[in-house]
Structures are given as structure tokens and as C-alpha cells.
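**Student:** Quick one: sequence plus predicted model below, questions after.
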Amino acid sequence: MEFSDGKLPQNCYILDELRMDVPFWEIEPLKRIEIINCNIQKIDGSFARFPELKVFVVRNNELEHISDDVIPSSVVLVDVSNNRLKQLSAGFFTASQLFAKANRLNLRELTSHTLQVIDLSDNYLSSLNINCPNLRHLTVNNCHLDELVLQRSSLQKLDASHNRLTDLVLGDQEMLTELDVSFNALSDMRELPPNIIQINASNNRISSFEGFERIETLQVLILESNNLRSIPDTVVTLLQLERLNIARNDLRTLPAELCLLKKLRVLKVEGNMLRGLGNLMNVSTVNILKRLERQLPAVEQQTIQEDIGVCNNDQSIINIEGRKLTELPPVSANLVTLEASRNMIRSVAELEQCPRLETLRISSNRVENVGVLQHLPSIKFLDCGFNPCGASLFFSRAPEFAGRITHLNLSGLRLTELPHWISQCEALSELIVSDNQISEMPRWLLDLPLTVLDFSNNSISTPLFELGHMESLRSLSLSGNLIRRISHSILTRPIDKLKQYFRNKL
């Protein structure tokens, strides 16, 4: 190794001078190397002599290049942050975690089948195309990025803040739960995956709320310092929202429906020119919501007081979840979303007049017949689990929504087999059929673009091992079945290891 001042730091030793009869790494295998703040400029030779080396850390040095043969394939964590590297060694791409922040990287493409965590922050990348199917955490903040392209992966957390992004398409990242794209130049965010929990998109140029209201899992949404001029009343669909920051925008009004979000604990609206709400400076979230509640139409206020349910002005969204109702309330042709789980409803025949219905949750009721659903063309999300309606799902032909549905939950229906029309659901990404009596997994499942598949608590004795080759699959649940030759610990492995096990069984 070469040092900038030609001298060894006090915490470095020349191994050859230890005069050991047997090298220390043959007595106790070396598993971790850390060379930090040592002003190293060059690494000669290879660490291949250490076949059990797992961690390679050389951060805070002056390295400009690391040869491809320096790092053995056994390494799982590489940290080369705060150096002067312009390129990444090929050995880095076989690890599972890579930290290369604050270098001088000139990188446009990154491909790896093993990397799960990547941190490239504080580099000058401009444009980056990442193809890492097992990637879970990606940090590329402050990288001067104008373009970021992400191929389909297992990404759960993305930090792309403090860049120059004007567009970001994340539709394929269906496992993404945390997103930070603050301090960019984004004008809209319509293409968002469905399962995000936290979004920070502050300090952009966003002028439309479109896209956010479709993310039903959203808990935290930060849109401070954008160009928003209105918030639609469809915000009422964000039933899990706990924190909403829309401060310093161009808002003139707030939708009264915000007061219907029962989990909302923090609402920041300062820095807007709001009318009809008085001075909101230093006003608590509770008091803001009370002022909004007074603006609701009289009929809607009565609905709240009677604790029957919630619907927006045009009746496109109705939420009557957990109200102990025995029948559906009046519905209109405008209905798009119906949340009616955990009631005592026996019939859904009224939905026949709702051709625009996209989201339907009627689980845990007493519905005996769902035949009317086969004539609804727009359904994308259907949850009818835990009802006595299993027999009525075997339609004589494929339902009209077969080509559009993406999420289907048929849990607890006492099914002994799957309805064959599911094989024609070419857009289906999530299929949950737990708590039934199904004994066989049909092979046509392999032809669907599934990312989530739940067959837990059924009567399956032999799983469909070909699922191991299903690239789109990100979650597979098979516990609670009659599979005797595969232990519970194997069936509950991370999806990558479980799929590998299935491939080995073929």
C-alpha cells in the first residue's frame, strides 16, 4: 500500500516483520478488514488469500483506483466512501452492500444480481440506469442527477433527494415503501407504486395532487414548498394518512373532507393564502380540522354525527367500514371506491349500477352471492374474503374486469380450488387465497405477472416448485399447509432463498 506522506500511520503494522511461523490468517481466518483515515493512495496485490473475508472497509483515504482482483468474491459488504475513485471495481458488484459515497464516480450504468444496499450519494453522476433485481435500499442524494432509470427490483427505500430530476417513473417498484425525492425539479408524480407508506416530495415544482390519492397505504406525505393550487376531495381515500405537510404552496382553500381522515395527527398548512379559515398561524391540527368540519355540507355532517359512514360530495367514494350495517347505503353510478368490510351485509346486488367501480372491499360480511360483480368492467382491487360467497365466484365465463384487476383477495371462502377465470387476469399482481381448503396450486399461476402470492393455511401437500423461476414474484406465503417434507423454517425464508430452494428441487 502507498501512503500520501510515505509513512505508516501509527495503527498500521508491517505483517512481514511479525516473524510468525504460521501466518495469522491461517490460525484464525480473517473476516473483516478496516483501513480508515490512513491516507492510502494505492492498494497492490489481492486479498484473495483470505477466502472467508466478509467485510472490506477502506473509507476516508485517497484511493483513485482499486483493481478488479483486489476483493475476493466472499465479501458481502464494501465501503469505499470518501476517496477519489472514478470507477467501481468489478469485485464490488458481487457483494450485497456497497457504500461508495463522496467519490468522483463517472458512472452511467450499474448492474448486479447480488447487491441489496447501494449508497452512491455525493457523487457527480448526471444520469444513472440501475438494473439490480434484488436491490432493497438505494441512496443517490446530491448526485446532480438529471435522469434516474430503475429496472424492476425489490426496492423498498429510495433516497434521490437534492438532485435535478424532472421526471421519475416508479410504477414497477411495487415493494417500495419509503420515497424521498425532495429538492428536485419534479412537476408531477402520477406514476407511483401502490404500497408506499412515506413520501417526501418537498421543494419541487409539483402543481397537481393527482396520483397521491390512489396510494391507500400512505401514512406520511410531505409536499411542502411546491406549486399546489388545490387539494381534491378524493384525499378522503387516504384512510391511513397520519401526517400531511402542504405548507408554502399556492393553496387558496382546503377540502373539508380532510376532517374525515381519522388517523390524521399532523397537518401543516402555513405559508398558504387560505380563505375562510381565518389566521392559521400557530393553530393546532385539531383546531384546523374542527374548522374544516364546520364547512362540510349539512347532510355530510349528519352522516358523521350518526356515525354511519363517510362519502365525498359526488358519491364516488364511500367508506362504511366496521359500522355493523346489514345492507349497503344508496349508491350511484359515480361510485369508484367502496370500503364496506367488517359489517353484516348480505347482498351487493345494488352494485350492478356502478360501472365505474374500481376498488371494492367487502371482506368479513355475510354476502352469499357476488355474481353481480362479473358484469362490472372497471374493478382493479377486489377483497371479498371471509364471506359465504365462495360458490358464486365460479362464473360461467371470465368477468368483464378480468383484464384490469391487479389485486384479488379470496381468503376464507372455503374454496377447494381456484376459479379458472383467474388464469385470464393478465394484469394481476397480488393474489391472496389464504385460509381455504385448496389442495393444488394450478400451473397457470406461472403465466400471471404475480408479485405477491399467499396460499397460507390451505391443504397443499406439494408446492409448485416452478415458482422458483418466476422473476416477478416478491412474496410467497405457504405456511400452514400439509407440506411434510419441507420444514417451516424453509417455507418462511426470504423470497430469494425460498425461490433458490424451489429451483434446486426441480
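**Tutor:** Okay, I see it. Numbering: from 1, shown residues only.

**Student:** How are the helices of the stretch 151-300 of the chain distributed by residue range?
**Tutor:** Listed in chain order, the helices of the stretch 151-300 of the chain (DSSP state H, counting those that start in this stretch) span residues 285-293, 298-306.

**Student:** Which pLDDT value belongs to the closest residue to Lys290 other than its chain neighbours?
**Tutor:** Spatial nearest neighbour of Lys290, excluding adjacent residues (C-beta to C-beta, 6 or more residues apart in numbering): Cys259 at 7.4 Å. Where C-beta positions appear, they are placed from N, C-alpha and C, glycine not excepted. Looking at Cys259, its pLDDT reads 86.

**Student:** what does the one 10 residues further on give?
**Tutor:** Here the pLDDT value assigned to Val269 is 90.

**Student:** Now do it against Leu292, distance only.
**Tutor:** 10 Å (C-beta to C-beta, to the nearest Å).

**Student:** higher neighbour count, the two?
**Tutor:** Val269 (22 against 19; other C-beta atoms under 10 Å).

**Student:** quick one: contacts for the residue nearest to Lys290?
**Tutor:** Applying C-beta atoms under 8 Å, 6 or more residues apart in numbering, one finds that Cys259 lies in contact with 289-290, 292-293, 296.

**Student:** Might one say that Ser46 is in contact with Val70?
**Tutor:** Yes. Counting by C-beta atoms under 8 Å, Val70 is a contact partner of Ser46 at 5.5 Å.

**Student:** Just want to know which of those two has more residues nearby.
**Tutor:** Comparing Ser46 with Val70 by other C-beta under 10 Å, the one with more neighbours is Val70, at 20 against 14.

**Student:** got a list of what that one touches?
**Tutor:** By C-beta under 8 Å, 6+ apart, the contact set of Val70 is 43, 45-47, 89, 91.

**Student:** Now render these as CSV, adding pLDDT and secondary structure.
**Tutor:** Output for the contacts of Val70, formatted as CSV (pLDDT from 0 to 100; DSSP: H, G, I helix; E, B strand; the rest coil):
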residue, pLDDT, secondary structure
Ile43, 84, coil
Gly45, 69, coil
Ser46, 70, coil
Phe47, 77, coil
Ser89, 85, coil
Gly91, 81, helix
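
**Student:** if we take those residues, which one ends up nearest to Ser347?
**Tutor:** Gly91 (63.9 Å; C-beta to C-beta).

**Student:** For Ile43, see how far away that closest one is.
**Tutor:** For Gly91 relative to Ile43 (C-beta to C-beta), the value is 11 Å.

**Student:** Likewise for Glu430?
**Tutor:** Taking C-beta to C-beta as the measure, Glu430 falls 47 Å from Ile43.

**Student:** picking that back up, tell me the residues that contact both of Val269 and Leu292, please.
**Tutor:** Counting by C-beta under 8 Å, 6+ apart, the shared contacts of Val269 and Leu292 are Leu254.

**Student:** ok, and the helix or strand in this protein with the lowest average confidence?
**Tutor:** Ranked by mean pLDDT, DSSP states H and E, the weakest helix or strand in the chain is helix 298-306, scoring a mean of 42.

**Student:** which residue sits closest to Ser112 in space, ignoring its chain neighbours?
**Tutor:** Phe93 (4.2 Å).

**Student:** What of Arg275?
**Tutor:** Counting by C-beta to C-beta, 6+ apart, the nearest residue to Arg275 once its immediate chain neighbours are dropped is Arg252, at 5.6 Å.

**Student:** Show the pLDDT at the residue positioned nearest the centre of the chain.
**Tutor:** In the chain, the centroid-proximal residue (C-alpha atoms, centre = their mean) is Leu176; its distance is 2.0 Å. On pLDDT, Leu176 comes in at 92.

**Student:** ditto for Asn279
**Tutor:** Model confidence at Asn279, given as pLDDT, is 57.

**Student:** Could you do Asn312 as well?
**Tutor:** We have a pLDDT of 53 for Asn312.

**Student:** got it, and Pro297?
**Tutor:** For Pro297, the model assigns a pLDDT of 59.

**Student:** quick one, which of Gly91 and Ile43 is more surrounded?
**Tutor:** Set side by side, Gly91 and Ile43 show more neighbours around Gly91, with 21 against 18, by other C-beta under 10 Å.

**Student:** How about the contacts made by the more buried one?
**Tutor:** The contact partners of Gly91, by C-beta under 8 Å, 6+ apart, come to 66, 68-73, 75, 78.

**Student:** rerun that using 7 Å as the cut-off
**Tutor:** Contact analysis of Gly91 by C-beta atoms under 7 Å, 6 or more residues apart in numbering lists 68, 70-71.

**Student:** Could you do Gly390 as well?
**Tutor:** Contacts for Gly390 (C-beta under 7 Å, 6+ apart) come out as 413-415.

**Student:** Below-threshold pLDDT in the stretch 301-450 of the chain: ranges please.
**Tutor:** Residue ranges of the stretch 301-450 of the chain with pLDDT under 70: 301-314.

**Student:** in it, which spans are strands?
**Tutor:** Using DSSP state E, counting those that start in this stretch, the strands of the stretch 301-450 of the chain run over 310-311, 317-319, 337-339, 359-361, 381-383, 407-409, 430-432.

**Student:** out of the ones you listed, nearest to Leu446?
**Tutor:** strand 430-432 (12.5 Å).

**Student:** Give me the sheet partners of that closest one and which way each runs.
**Tutor:** According to DSSP bridges, strand 430-432 forms sheet pairs with strand 407-409 (parallel), strand 452-454 (parallel).

**Student:** coming back round to it: can I get the contacts of Cys259 in TSV including distance to Glu109?
**Tutor:** Converted to TSV, these look like this (distance: C-beta to C-beta, whole Å):
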residue	distance to Glu109
Leu289	48
Lys290	53
Leu292	49
Glu293	53
Leu296	53
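
**Student:** which among these gets closest to His469?
**Tutor:** The shortest gap between His469 and any of those belongs to Leu289, at 50.8 Å (C-beta to C-beta).

**Student:** What ranges in the stretch 101-250 of the chain fall below the confidence cut-off?
**Tutor:** Counting by pLDDT under 70, the stretch 101-250 of the chain has low-confidence residues at 171.

**Student:** residue ranges of the strands in it, please?
**Tutor:** Under DSSP E, counting those that start in this stretch, the stretch 101-250 of the chain gives strands at 109-111, 117-119, 127-131, 137-139, 147-150, 157-159, 178-180, 198-200, 220-222, 243-245.
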